[in-house]
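A.B. asks: predicted coordinates and the sequence they were generated for:
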Amino acid sequence: ELKPFPQDFLWSASTSAYQVEGAWDEDGRGPIAIDLKKDLPEGTSDYKVAADQYHRYKEDIALMAELGFRAHRFSIAWSRIIPDGDGEINPKGIEYYHNFIDELLAQNIEPIVTMFHFDTPIALDEKGGWASRTTTDAFVRYAEVLFKEYGSKVKYWLTINEQNMMILHGHKLGIITTTSDDPDKELYQINHNMFLAQAKTMAMLHQMHPEAKIGPAPNISYVYPASSKPEDVIAADNYNAVRNWLYLDLAVRGEYNTLAWAYLEEHGWAPTIEEGDLEILKSARPDFIAFNYYNTTTMADAPLGGGASERSEDADQQIAEGEEGYFKAVSNPHLQMTDFGWEIDPVGMRMTYRAIWDRYRLPLIVTENGLGAFDQLTDDGRVHDDYRIEYLRKHLEQTQEAITDGVEILGYSPWTAIDVVSTHQGVAKRYGFIYVNRDEFDLKDLARYRKDSFFWYQQLIQTNELP
Ligand code: BGP
């Protein structure tokens, strides 16, 4: 017998500022690296207009209310609040998010705010980016502005979206800027600095708004060994440390994972730790763990000289790579793939819930999960996305299994509330419950249409049961 979803479960859906807002140079917004990204995959659009939500947020929130969202996860664009990252505050940016949050609250939708989703103000990159403590300090100041402005309205805060994916793949995706000729070493310094920023920010929120809650939002997913061969199991365990626990151990326990630290030292990538850093890290006290889940990874042994794959240049954030002497990603023959080559693994999601819960005993919120697909708008103004319903249903069945296993789960916020521009594949790869009428380069009328999944999710939320 499965346990029901809790009565106050946060049924939600997610977006991020640069992917949904557009209005990239309006009302004083400062530029971010992604605006100027030159190496977009061929045939994909940029983020300048995106879904144009900046101009249409009232219409979008009305649709979210019609669907029945109890919460909505979105991100605040740092460069709208402080255009150059650490200088003047932009009143227009402050006002936009007051309006956005007030509109959500008026519709009884709980805001879940990501403070930073891949969008470092370019002016900070020019001063050395996250490798420099100028950016750490700037983030803490930005956080203070957010908590002062919105802290009495917003109960759920997320510090940094997918910090682990930024460190593992971000410089290849153009979402994090590195300058040195040893990018990995620099990236692990960036990682360290981001954790300092987060620890300080968590303490600050608790002090300013004791009733509010805050947590990290990495991408966490279970790692399988390719077989029961002990060397495969070690490879999976090592990758688990480097991909998952390095990040959550720092965010939750404020300490470096031993296996991951050994891996960093062996490579010469261990960050410089200044006096007082370890105490700051130790002060981290998240109230919950938010995580994004798309798929699992399967790892095999990769003996030295055995011709393991190189760290692949075209890997995206969900397709893991290999490293000779450590681990080698292999495809899992038991899993199907999306149209975009991501494995689909609902049972792996249950395993992920259990693994995080067992390790940390903190409540969990899913802040991303979803199916990127080529949706077709039909003549009747609908999108028949039964494949998406199927995907979500299976992941929610496993969520209910995890609840029944005893895991405390506060909410589910799939990617995305409304179609946005994908991090890799432009507009063609859609995730939303709401369709946005535009193509890669033809903006059409940007009108909104309800997909079949919209009505399915609506029914689920109304009844609190899987239809
Ligand atoms: C996550 C990011 C999101 C989103 C999602 C889907 O890594 O946090 O911003 O982009 O992945 O990825 P994609 O758009 O590449 O399909």
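C.D. replies: Yes, it's here.
A.B. asks: make it CA atoms for all contacts and neighbour counts henceforth
C.D. replies: Fine.
A.B. asks: how about the residues of the stretch 351-467 of the chain by the ligand?
C.D. replies: G372, S422, T423, H424 (CA under 6 Å from any ligand atom).
A.B. asks: tabulate those (CSV), appending secondary structure and distance to S12.
C.D. replies: Converted to CSV, those look like this (DSSP: H, G, I helix; E, B strand; the rest coil; distance: CA to CA, whole Å):
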residue, secondary structure, distance to S12
G372, coil, 18
S422, strand, 19
T423, coil, 21
H424, coil, 24
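A.B. asks: just give me the closest of these to W342.
C.D. replies: Closest to W342 out of these is G372 (9.1 Å), distances taken as CA to CA.
A.B. asks: that closest one contacts G341, correct?
C.D. replies: No: using CA atoms under 8 Å, G372 is not in contact with G341; the gap is 9.9 Å.
A.B. asks: before we move on, back to that, counting neighbours, which of the residues of the stretch 351-467 of the chain next to the ligand comes out on top?
C.D. replies: Neighbour counts for these (other CA atoms under 10 Å) peak at G372, which has 22 neighbours.
A.B. asks: which residues touch that residue?
C.D. replies: Residues near G372 by CA atoms under 8 Å, 6 or more residues apart in numbering: T338, D339, F340, K429, R430, Y431.
A.B. asks: what about the third one, distance to Y431?
C.D. replies: In this case it means F340. F340 is 12 Å from Y431, where distance means CA to CA, to the nearest Å.
A.B. asks: between these two, tell me which one has more neighbours.
C.D. replies: Y431 (26 against 12).
A.B. asks: isn't that one up against T416?
C.D. replies: Yes: using CA under 8 Å, Y431 makes contact with T416 at a distance of 5.4 Å.
A.B. asks: which residues are in contact with both of those two?
C.D. replies: G370.
A.B. asks: the residue of the chain found nearest the ligand and L173, how far apart?
C.D. replies: Closest contact between the chain and the ligand, by CA to the nearest ligand atom, is at S422 (3.1 Å). Note on S422: its distance to L173, by CA to CA, is 12 Å.
A.B. asks: determine whether any part of the helix or strand of the chain with the lowest mean pLDDT lies close to the ligand.
C.D. replies: None of the helices or strands of the chain scores lower by mean pLDDT, DSSP states H and E than helix 171-173, at a mean of 76. No: using CA under 6 Å from any ligand atom, we find that helix 171-173 stays clear of the ligand, coming within 9.3 Å at best.
A.B. asks: what segments of the stretch 51-200 of the chain are strands?
C.D. replies: All strands of the stretch 51-200 of the chain, identified by DSSP state E, counting those that start in this stretch, fall at 71-75, 110-116, 156-161.
A.B. asks: could you list the paired strands of the second one along with their orientation?
C.D. replies: In other words, strand 110-116. The strands beside strand 110-116 in its sheet (DSSP bridges) come out as strand 71-75 (parallel), strand 156-161 (parallel).
A.B. asks: okay, the ones you listed in JSON lines with mean pLDDT, distance to the ligand and mean neighbour count next?
C.D. replies: Converted to JSON lines, the strands paired with strand 110-116 look like this (pLDDT from 0 to 100; distance: least, CA to the nearest ligand atom, whole Å; neighbours: other CA atoms under 10 Å):
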{"stretch": "strand 71-75", "mean pLDDT": "98", "distance to the ligand": "10", "mean neighbour count": "26"}
{"stretch": "strand 156-161", "mean pLDDT": "98", "distance to the ligand": "6", "mean neighbour count": "24"}
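A.B. asks: mind giving me a markdown table with the ones you listed and columns for distance to W269?
C.D. replies: As requested, the strands paired with strand 110-116 are arranged in a markdown table below (distance: least, CA to CA, whole Å):
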| stretch | distance to W269 |
| --- | --- |
| strand 71-75 | 30 |
| strand 156-161 | 22 |
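A.B. asks: for the chain, which residues are neighbours of the ligand?
C.D. replies: By CA under 6 Å from any ligand atom, the residues of the chain that approach the ligand are E162, Q317, G372, S422, T423, H424.
A.B. asks: can you lay out these as a markdown table showing distance to E255?
C.D. replies: Shown next, in a markdown table, are those (distance: CA to CA, whole Å):
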| residue | distance to E255 |
| --- | --- |
| E162 | 18 |
| Q317 | 25 |
| G372 | 35 |
| S422 | 33 |
| T423 | 30 |
| H424 | 32 |
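A.B. asks: now for those, which pair is the farthest apart?
C.D. replies: Farthest apart among those by CA to CA are E162 and G372. That separation is 17.7 Å.
A.B. asks: where in the stretch 51-200 of the chain is pLDDT low?
C.D. replies: Applying pLDDT under 70 to the stretch 51-200 of the chain flags no residue at all.
A.B. asks: and the helices in it?
C.D. replies: 53-67, 78-81, 91-106, 122-126, 133-150, 163-165, 171-173, 183-208 (DSSP state H, counting those that start in this stretch).
A.B. asks: the stretch 301-450 of the chain too?
C.D. replies: In the stretch 301-450 of the chain, the segments counted as helices under DSSP H, counting those that start in this stretch are 346-360, 386-405.
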